[in-house]
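[1] Next come a sequence and a model predicted from it.
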Amino acid sequence: MRQPTATQIKWIKAAAFVACLVPLGLLVWRGFAGRLGANPIEYITHSTGWWTLAFLLITLTVTPLRRLTGLNWLLRLRRMLGLYAFFYACLHFTTYFWLDQFFDLAAIVKDVAKRPFVTVGFAAFVLLIPLAATSTNAMVKRIGAKRWQALHRAIYAIAILGVLHFWWLVKKDITEPAIFAVLLALLLGARLVWRARQQATSAQSAAVPRSLAPRAR
Ligand code: HEM
């Protein structure tokens, strides 16, 4: 497939940047229009939480989509998408910290320890912080590509914790967390299949020269 030019990629990135702000824009608009429902804090918590999870999954979609389509430039969007996941997580946590708990640290510590779904959400948020902090090129250089990659594998655990958090907090209808769980399973499964195939290919190519080599007498 034809790859876009550098200028086109710049425009795509700018458009994606603006598109990622649409959920926040809608939330702000709803706020000013008085359309946040009977419980605005609950509405904001749910919306920001939902988008955090959605952005985590969208970020995880980039690599399989690139492999399937050969569109390597998609990788150029990955960091921005991951940072948007962190951005919405910060808004989600701030809503909880500020509007829900009114900065009451003792109450927050108690809540994190007491309600398992909050514990899991909090763990996911804490794990996201080092990923956001090491997202720059300078940080990749500083810690080394291998260690950076190993650190950023935490995104899989974060996404799993995010789905668990959602699953745990819903009282009756589990349709939405179940959809997120299936999508995440597919994304992680695709990676496992890819890795297994890669290992099989490299084992095969390693075996060829040996079989061609003359036998020791
Ligand atoms: C990566 C981190 C996180 C993700 C992906 C996430 C995701 C979500 C999702 C999807 C929802 C439900 C949205 C809906 O109903 O449509 C939610 C709700 C909620 N989250 Fe999180 N969350 C995260 C971190 C946190 C943290 C750090 C806290 C607080 C310490 C927190 C507290 C809550 C609360 C209180 C609710 C509303 C629960 C209710 O319905 O009563 N979350 N979150």
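    Nice, I can see it.
[2] mind listing what's buried in the top helix by length along the chain?
    Longest helix in the chain by number of residues (criterion: DSSP state H): helix 175-212. Buried residues in helix 175-212, defined by neighbour count with 16 or more other CB atoms under 10 Å: P177, F180, A181, L183, L184, L187, A190. (Glycine included, C-beta is placed from N, CA and C.)
[3] my read: F180 touches F166, true?
    Yes - between F180 and F166 there is a contact under CB atoms under 8 Å: 6.2 Å.
[4] Please enumerate the shared neighbours of those two.
    By CB atoms under 8 Å, 6 or more residues apart in numbering, F180 and F166 have these common neighbours: L53.
[5] one step back: tell me what the longest helix of the chain is packed against?
    If you count contacts as 3 or more CB pairs under 8 Å, 6 or more residues apart in numbering; DSSP states H and E, helix 175-212 packs onto helix 40-69, helix 154-169.
[6] list the buried ones in the last one?
    Pointing back at helix 154-169 there. Buried, per 16+ other CB under 10 Å, within helix 154-169: I155, I158, A159, I160, L161, G162, V163, L164, H165, F166, W167, L169.
[7] Next: stretch 94-109.
    Applying 16+ other CB under 10 Å to stretch 94-109 flags T95, Y96, D100, I108 as buried.
[8] Return the residues in contact with the most centrally placed residue in the chain.
    By CA atoms, centre = their mean, the chain has its centre lying nearest to L56, at 2.0 Å. Counting by CB under 8 Å, 6+ apart, L56 touches A85, I155, I158, A159, G162.
[9] quick check, nearest of the buried residues of stretch 94-109 to T69?
    The closest of these to T69 turns out to be T95 (CB to CB; 36.3 Å).
[10] Could you tell me which residues of this protein lie near the ligand?
    45-46, 49-50, 52-53, 89, 92-93, 96, 112, 118, 121-122, 124-125, 128, 158, 162, 165-166, 169 (CB under 6 Å from any ligand atom).
[11] Those residues, buried ones only, as a PyMOL selection?
    This is how PyMOL selects the buried members of the residues of the chain next to the ligand, with burial counted by 16+ other CB under 10 Å:
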select buried, resi 45+46+49+50+52+53+89+92+93+96+118+121+122+124+125+128+158+162+165+166+169
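[12] ok, and the closest non-adjacent residue to G82?
    Take G82 and drop its neighbours on the chain: the residue closest to it by CB to CB, 6 or more residues apart in numbering is T59, 4.6 Å away.
[13] Quickly note the distance from that neighbour to the ligand.
    Noted for T59: a distance of 12 Å to the ligand, by CB to the nearest ligand atom, to the nearest Å.
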